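>>> sharing a sequence plus its predicted fold:
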Amino acid sequence: MKSFSEEISLGLSKKNKKISSKWFYDFHGSKLFEKITKLEEYYPTRTERKILKENKIEIAKKIGKEAVIIEPGAGDTKKIAIFLNCLKKPKKYIPLDISEDYITKISQNFKKKFPKVAITPKGYDFSSNNKPPFKIKSSENIIIFFPGSTIGNFETNEAVKFLKVLKSKFKAKKIIIGVDLVKDIPTLISAYDDKKGVTAEFNKNILQRINNELGGDINLNLYKHLVIYNTKKKRIEMRLKSRKNNNIKINGSKYLIRKNEEIHTENSHKYTIKSFRNIVNKAGWKIKKTWVDDKKLFSIHFLNLDT
Ligand SMILES: C[S@@+](CC[C@H](N)C(=O)[O-])C[C@H]1O[C@@H](n2cnc3c(N)ncnc32)[C@H](O)[C@@H]1O
């Protein structure tokens with residue numbers, strides 16, 4: 001697995017400059033994402049929470065008793081809190097996140113709120129497709145909870161690979177997954193380009209991290225937060241567009257970023273129920289139940305391995 005420094009050097013040396021969205025998330029980036037989830041324009045979080053609240057009893061039944069719940073990219077862990085009290089004797093909750101300091105801090109508050117549930121947070125990069133950072137007992141009732149449409153950040157072939165890894169390496173029996181749906185373009189664009197500029201600051205946090213952690217000298221004001229909807233690939237793309245030619249120095253290496261050149265920083269794929277079922281089936285899972293809100297903005301799916 002490449003370090004932050006190696007990935008930045010590689011990403012900025014390409015003709016089409018690209019940096020993985022996973023690098024948004026240091027402690028500050030995670031706090032900014034928390035802020036995004038509260039924005040008026042950002043419909044996914046409140047819609048997904050509403051679906052979870054309205055269906056928590058049914059979801060808890062599907063999860064079953066003595067569950068070991070693993071949440072990759074757990075973030076603020078607020079969504080599991082919605083149905084945790086409905087579960088029958090949950091065994092363990094394991095939030096995983098690349099933003100290690102943040103997940104550790106969040107888990108301390110979680111422990112106070114749910115003192116009876118064993119929680120063991122771990123720093124983990126799911127893009128590595130590595131085995132879990134803890135011992136798996138395949139006889140346990142292992143559930144993956146993967147909300148937030150984080151699956152949309154994967155290229156579709158990577159999404160299939162990841163769902164396969166959850167089966168082969170995490171020994172998951174069931175998955176509860178939140179998936180954002182295809183919808184009108186203005187709603188999508190404004191969700192990623194809010195009036196207050198919080199998402200713009202979040203996008204630029206990659207540049208801020210380069211300055212803070214790799215001794216970069218990037219002038220953040222030279223970059224514009226750009227959001228486009230790629231109709232062919234059905235995804236929102238976030239980019240950082242340079243307003244003029246600028247030379248940047250990072251760890252002694254120089255990069256020229258030209259006027260109007262873009263650095264691609266994130267993809268958020270949008271699915272229909274049908275196109276998501278395709279991905280799920282390719283990975284050897286089956287959708288057993290789907291919940292959608294009234295406005296058909298967001299979906300939550302329950303998957304298992306039954307044929
Ligand atoms: C879209 S947010 C979703 C957060 C939360 N699950 C929710 O539903 O609100 C994505 C989360 O995944 C984490 N993340 C992003 N890339 C990651 C990676 N490669 N490995 C592990 N966690 C990652 C981020 O730190 C963030 O908490």
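Perfect, thanks for sending it. Residues are numbered from 1 along each chain as shown.
>>> buried sites along stretch 224-233?
Buried residues in stretch 224-233, counting neighbours by 16 or more other Cβ atoms under 10 Å, are found at 225, 226, 227, 229. No exception for glycine: its C-beta is placed from N, CA and C like everyone else's.
>>> doesn't the third one lie inside a helix?
No - counting by DSSP: H, G, I helix; E, B strand; the rest coil, one finds residue 227 to be strand, located in no helix.
>>> partners of it in the sheet?
residue 238 (DSSP bridges).
>>> ok, it touching residue 238?
Yes - Residue 227 is within contact range of residue 238, at 5.7 Å (criterion: Cβ atoms under 8 Å).
>>> need the residues touching each of these two.
Taking Cβ atoms under 8 Å, 6 or more residues apart in numbering as the criterion, residue 227 and residue 238 both touch 192, 199.
>>> near the ligand, which residues of the chain? Just list them.
22, 25, 30, 33, 37, 45, 72-75, 79, 97-99, 124-127, 147-148, 150 (Cβ under 6 Å from any ligand atom).
>>> can you name the residue of the stretch 201-307 of the chain nearest to the ligand?
In the stretch 201-307 of the chain, the residue that lies nearest the ligand is residue 268 (8.3 Å; Cβ to the nearest ligand atom).
>>> and that residue, how many neighbours?
22 (other Cβ atoms under 10 Å).
>>> what's the answer for the one 5 residues further on, then?
The tally of other residues near residue 273 (other Cβ under 10 Å) stands at 15.
>>> repeat for residue 279
For residue 279, the neighbour count with other Cβ under 10 Å is 20.
>>> buried sites along the helix or strand hosting it?
Assigned by DSSP states H and E, residue 279 belongs to helix 273-282. For helix 273-282, a neighbour-count test (16+ other Cβ under 10 Å) marks 276, 277, 279, 280 as buried.
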